[in-house]
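Asker: Show me how the following folds:
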Amino acid sequence: MIVGAVILCGGESRRMGQPKAWLPFGPERMLQRVVRLVSTVAAPIVVVAAPGQELPSLPEAVLVACDPLRGRGPLQGLAAGLAALPDEVELAYATATDVPFLQPAWIDRLVALIEDHDLAIPRCDGFLHPLAALYRRASVLPACDSLLRSGRLRPAFLVDVLRARIVSADELRCKDPELLTLRNLNTPEDYQSALTMAGALMPDPATASNQPRSPRVHVELFGVPRLRAGVSRLAVEAADLGEALRALSRACPALLGSVLSSEGSLQPAYTLNINGQRFTTDPATPLRDGDSLILLAVDVGG
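Answerer: Numbering: from 1, shown residues only. Predicted structure coming up:
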């Protein structure tokens with residue numbers, strides 16, 4: 001049985017005041033931490049982002065899917081993530097990105113409890129937790145689509161239309177005694193408390209930018225690449241052109257085959273312009289923070 005995962009990070013983070021995916025937590029960003037924790041028990045992983053959302057660098061094996069519609073909530077994101085998983089994935093764990101204390105054993109416990117049900121969803125203190133739950137992809141994906149079409153946008157509605165295994169807190173405490181997996185971060189105060197709990201210090205904004213990272217560059221898509229990707233512009237972290245193209249292939253898998261090769265290099269019909277100054281397809285071309293890459297057809301760019 002293949003168990004994958006869907007990580008939702010496309011929320012607006014209004015109360016936090018900054019994107020949660022980029023919150024530093026020890027040596028990592030929040031999304032990087034959650035991906036690392038989940039990857040110890042589930043693969044493949046799909047990260048679902050809002051259109052054009054910038055993400056910290058992720059392992060090459062992580063797939064990135066764009067939530068096609070804004071304002072439709074986590075059910076839309078769950079549907080996008082499940083659809084992006086390979087067909088051979090039977091079960092998928094769904095989580096938000098703001099859970100730094102997620103316990104991988106929690107996922108294993110849900111796998112053990114789901115049996116022949118369509119989902120295993122925790123209910124703690126009277127509340128269902130659809131973003132700490134396990135889903136059977138084949139039955140849940142069409143149910144998500146049906147609920148979305150009818151305007152029922154809460155993931156908890158899946159319990160009404162599918163065979164749900166409601167998992168009590170007591171059934172999970174054997175793996176997560178304090179239910180830390182459910183501790184999410186909505187405000188700066190929540191974030192500070194989590195850092196204190198983890199023994200980390202709140203990063204100094206004046207020095208946070210000095211933490212080593214790959215340059216952040218912007219990629220603009222024109223013509224066929226834009227039509228296939230469904231976005232016109234996105235940001236990636238990459239030290240050179242080859243790394244940028246591999247990041248682009250993960251963020252926009254629809255470009256694979258026609259625009260990008262399976263290795264993430266450009267197909268012969270396409271080229272890149274850097275900062276409006278020169279064209280190149282050399283993967284070793286170094287990049288600098290703030291560079292602008294324009295991807296277009298050779299017959300357009302000359």
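
Asker: any weak-confidence spans in the stretch 201-302 of the chain?
Answerer: Scanning the stretch 201-302 of the chain for pLDDT under 70 picks out 201-213, 230-231, 300-302.

Asker: ok, 90 please
Answerer: Low-confidence segments of the stretch 201-302 of the chain, defined by pLDDT under 90, span residues 201-238, 246-258, 261-265, 275-277, 289-291, 298-302.

Asker: Could I get the full set of helices for the stretch 1-150 of the chain?
Answerer: 30-39, 73-84, 104-114, 137-149 (DSSP state H, counting those that start in this stretch).

Asker: in the shortest one, what's buried?
Answerer: For helix 30-39, the buried set under the neighbour-count rule, 16 or more other CB atoms under 10 Å, comprises 30-35, 37-39. Just so you know, the C-beta spots here come from the backbone N, C-alpha and C atoms, and that holds for glycine as well.

Asker: Same check on the third one?
Answerer: Along helix 104-114, the positions that meet the burial threshold by neighbour count (16+ other CB under 10 Å) are 104, 106-111, 113-114.

Asker: how about those residues in JSON lines, adding distance to Ala169 and pLDDT?
Answerer: Output for these, formatted as JSON lines (distance: CB to CB, whole Å; pLDDT from 0 to 100):
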{"residue": "Pro104", "distance to Ala169": "18", "pLDDT": "94"}
{"residue": "Trp106", "distance to Ala169": "11", "pLDDT": "96"}
{"residue": "Ile107", "distance to Ala169": "16", "pLDDT": "96"}
{"residue": "Asp108", "distance to Ala169": "17", "pLDDT": "96"}
{"residue": "Arg109", "distance to Ala169": "12", "pLDDT": "96"}
{"residue": "Leu110", "distance to Ala169": "13", "pLDDT": "97"}
{"residue": "Val111", "distance to Ala169": "18", "pLDDT": "97"}
{"residue": "Leu113", "distance to Ala169": "13", "pLDDT": "97"}
{"residue": "Ile114", "distance to Ala169": "17", "pLDDT": "97"}
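
Asker: quick one on the thing from earlier: kindly reformat the buried residues of helix 30-39 as JSON lines containing pLDDT and distance to Leu234.
Answerer: Output for the buried residues of helix 30-39, formatted as JSON lines (pLDDT from 0 to 100; distance: CB to CB, whole Å):
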{"residue": "Met30", "pLDDT": "94", "distance to Leu234": "19"}
{"residue": "Leu31", "pLDDT": "95", "distance to Leu234": "15"}
{"residue": "Gln32", "pLDDT": "94", "distance to Leu234": "18"}
{"residue": "Arg33", "pLDDT": "93", "distance to Leu234": "22"}
{"residue": "Val34", "pLDDT": "96", "distance to Leu234": "21"}
{"residue": "Val35", "pLDDT": "95", "distance to Leu234": "18"}
{"residue": "Leu37", "pLDDT": "94", "distance to Leu234": "25"}
{"residue": "Val38", "pLDDT": "95", "distance to Leu234": "23"}
{"residue": "Ser39", "pLDDT": "93", "distance to Leu234": "23"}
